[in-house]
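Engineer: With the sequence up front, the predicted model follows.
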Amino acid sequence: MSEIREFQIKNESETAELAEELAARLGPGDLVALYGDLGTGKTTFCKAAIRALGVAETVTSPTFTIVKEYRGRLPVYHFDVYRVHSEEDLFEIGCEEYFFGQGVCFVEWADLIEGLLEEVEPEHLYRIRFEYTEEEEGRRILIEYPGD
């Protein structure tokens with residue numbers, strides 16, 4: 001059974017700290033699905049988590065390339081599926097090798113490929129929802145940790 005925890009984040013620094021804590025838990029085959037409106041912190045979270053996984057190079061958004069590959073303590077794949085027209089488009093770039101391999105995947109705009117995510121083993125799937133709060137820079141982040 002999965003566990004959902006809620007975090008009230010005040011700034012980018014706290015977002016990075018939370019991302020680093022999550023990264024410490026991640027292992028081969030894990031997939032982190034990120035949900036939320038534009039500007040809620042998905043990319044900021046990914047960048048911090050990817051750096052925490054030992055990636056030394058500059059981490060940038062894969063908005064126009066769909067996926068970026070990095071080497072850290074294990075392979076890291078950062079997806080932005082906002083511009084993907086269908087789940088079939090992801091199969092054309094070999095997403096199953098990424099999603100079901102020995103690396104860690106981060107998928108921004110995961111709601112657009114929910115059907116594919118149903119194939120991921122529940123013990124490897126983290127779901128993170130980002131929401132605006134009343135505070136100008138504040139965010140509410142809900143992390144659903146994997147279940148058995």
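Structural biologist: Nice, thanks for sending it over. What you see is a predicted model, and the numbers here were worked out from it, not measured in a lab.
Engineer: How about residues contacting stretch 98-108?
Structural biologist: 26-34, 42-43, 46, 49-50, 53, 67, 74-82, 113, 116-117, 119-120 (C-beta atoms under 8 Å, 6 or more residues apart in numbering). The way it works is simple: take the backbone N, C-alpha and C, and place the C-beta from them, glycine included.
Engineer: now the end-to-end length of that stretch.
Structural biologist: 14 Å (C-alpha to C-alpha, to the nearest Å).
Engineer: average pLDDT across that stretch?
Structural biologist: Throughout stretch 98-108, pLDDT has a mean value of 93.
Engineer: what comes up buried for it?
Structural biologist: Tyr98, Phe99, Gly103, Val104, Cys105, Phe106, Val107, Glu108 (16 or more other C-beta atoms under 10 Å).
Engineer: what's the farthest-apart pair in these?
Structural biologist: Farthest-apart pair in these is Gly103 and Glu108; separation 16.3 Å (C-beta to C-beta).
Engineer: tell me which element the most centrally placed residue in the chain is part of?
Structural biologist: Nearest to the mean C-alpha position of the chain, counting by C-alpha atoms, centre = their mean, stands Phe106 at 3.2 Å. Element membership for Phe106, per DSSP states H and E: strand 104-108.
Engineer: export the following helix or strand past that strand as CSV, just CAs?
Structural biologist: Toward the C-terminal end, the helix or strand that comes next after strand 104-108 (DSSP H and E) is helix 114-117. C-alpha atoms of helix 114-117 as CSV (Å, rounded to 0.1, in the frame of the first residue of the first chain):
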residue,chain,number,x,y,z
GLU,A,114,-0.9,7.9,-17.5
GLY,A,115,-1.6,4.7,-19.5
LEU,A,116,2.1,4.0,-19.8
LEU,A,117,2.6,4.6,-16.1
